[in-house]
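Turn this into a model:
(2 chains)
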Amino acid sequence: MDNNIASLRKDLNMTQQELADKVDVTRQTIIALERGRYNPSLLLAFRITKALSKDLIEDVFCFSELNEKK
Amino acid sequence: MIGKSEWFERRRYGGWGVRPCKWQGWAYVAAMIIPLVAVNAIGGISNDDRNVVMGAWIALIILDTIDIMAHLKKDERSFMHEAISERNSSWFMVIVLSIGFAYRIIDGARAGRVEIDPVIAVALVGAVIVKAATNYVLERRN
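This next block holds a predicted model:
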């Protein structure tokens, strides 16, 4: 699953640690998410969307069938 | 209790338990070990008193370590990593124990006697029970 967490986070002048604290995960998880190495649970995806001041989960994450088959 | 879970992280590469990740964690480890060394080094204490003090101190360390481990911060990714690594290590142990168990039976049969290692048998049967109980609880929960 692709995402634009890094760019949205930078737009908000938020560090990885600040985002991690906001959504109650470790900084390593944020790093893994930004690099596209980890697919979050639906609950975490919603939390991240809210923390990045977005209304729709699709504003942050986008599902790509092609990437999932890699 | 005494140590804070923020000072430690789950041990990933050197076995089980926790390891310090902040200087406070290292200071805590030193503060827990130094009294043990000091009690052994100080003269004029009877062996019985020394054993009581050391036993109480070790019990405190064990209880505090359990408390730290229980309060360790875990998110879904680290939880998944821990679950998969524990599964892999338990699979390795089950395979080795099964080979050892079979070897003892075959070796005993060759000598004309029944040889079952009770420790390995209890470990394997216990593992089956723990797995079944865990699955039962998880199926009921979600």
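
What's the nearest residue in chain A when you look at chain B?
A:Val25 (3.8 Å; CB to the nearest CB). Using the backbone N, CA and C atoms, a C-beta is placed for each residue, glycine as well.

With B:Lys4 as the reference, measure out to B:Ala109.
55 Å (CB to CB, to the nearest Å).

Settle it for me: which of the two has more neighbours?
B:Lys4 (14 against 11; other CB atoms under 10 Å in any protein chain shown).

Which phi and psi values does that one adopt?
phi -100, psi 140 (degrees, to the nearest 10).

Give me the neighbour count for the residue lying closest to it once chain neighbours are set aside.
In space, and not counting its chain neighbours, B:Lys4 is closest to B:Gln24: 7.1 Å by CB to CB, 6 or more residues apart in numbering or on different chains. B:Gln24 has 14 neighbours, counted by other CB under 10 Å.

Check B:Ile120 too.
By other CB under 10 Å, neighbour count at B:Ile120 equals 18.

surely it meets B:Ile99?
No. Counting by CB atoms under 8 Å, B:Ile120 stays clear of B:Ile99, with 9.9 Å between them.

coming back round to it: who touches the residue of chain A closest to chain B in this structure?
Contacts of A:Val25 were listed using CB atoms under 8 Å, 6 or more residues apart in numbering or on different chains, and they are A:Leu44, B:Asp75, B:Glu76, B:Arg77.

So it belongs to a helix, correct?
No. Using DSSP: H, G, I helix; E, B strand; the rest coil, the assignment for A:Val25 is coil, not a helix.

gap between it and B:Asn40?
43 Å.

Out of the contacts of A:Val25, which is nearest to B:Leu60?
B:Asp75 (29.6 Å; CB to CB).

which residues touch the closest one?
A:Asp24, A:Val25, A:Thr26, A:Thr29, A:Leu44.

how does it look with 10 Å?
Residues in contact with B:Asp75, defined by CB atoms under 10 Å, 6 or more residues apart in numbering or on different chains, are A:Ala20, A:Val23, A:Asp24, A:Val25, A:Thr26, A:Gln28, A:Thr29, A:Ile30, A:Pro40, A:Ser41, A:Leu44.

Surely the fifth one is in contact with B:Lys73?
Yes. Between A:Thr26 and B:Lys73 there is a contact under CB atoms under 10 Å: 7.2 Å.

re earlier: neighbour-wise, which of the contacts of B:Asp75 leads?
Going by other CB under 10 Å, A:Ile30 tops the contacts of B:Asp75 with 26 neighbours.

Make sure that one is indeed in a helix.
Yes. The assignment for A:Ile30 is a helix, going by three-state DSSP.

hang on, the earlier thing: residues shared between the contacts of A:Thr26 and B:Lys73?
The contact lists of A:Thr26 and B:Lys73 share B:Glu9, where a contact means CB under 10 Å, 6+ apart.

so what's the residue of chain B at minimum distance from chain A closest to, chain neighbours aside?
Nearest to chain A in chain B, going by CB to the nearest CB, is B:Asp75, at a distance of 3.8 Å. Closest residue to B:Asp75 apart from its sequence neighbours, by CB to CB, 6+ apart: A:Val25 at 3.8 Å.
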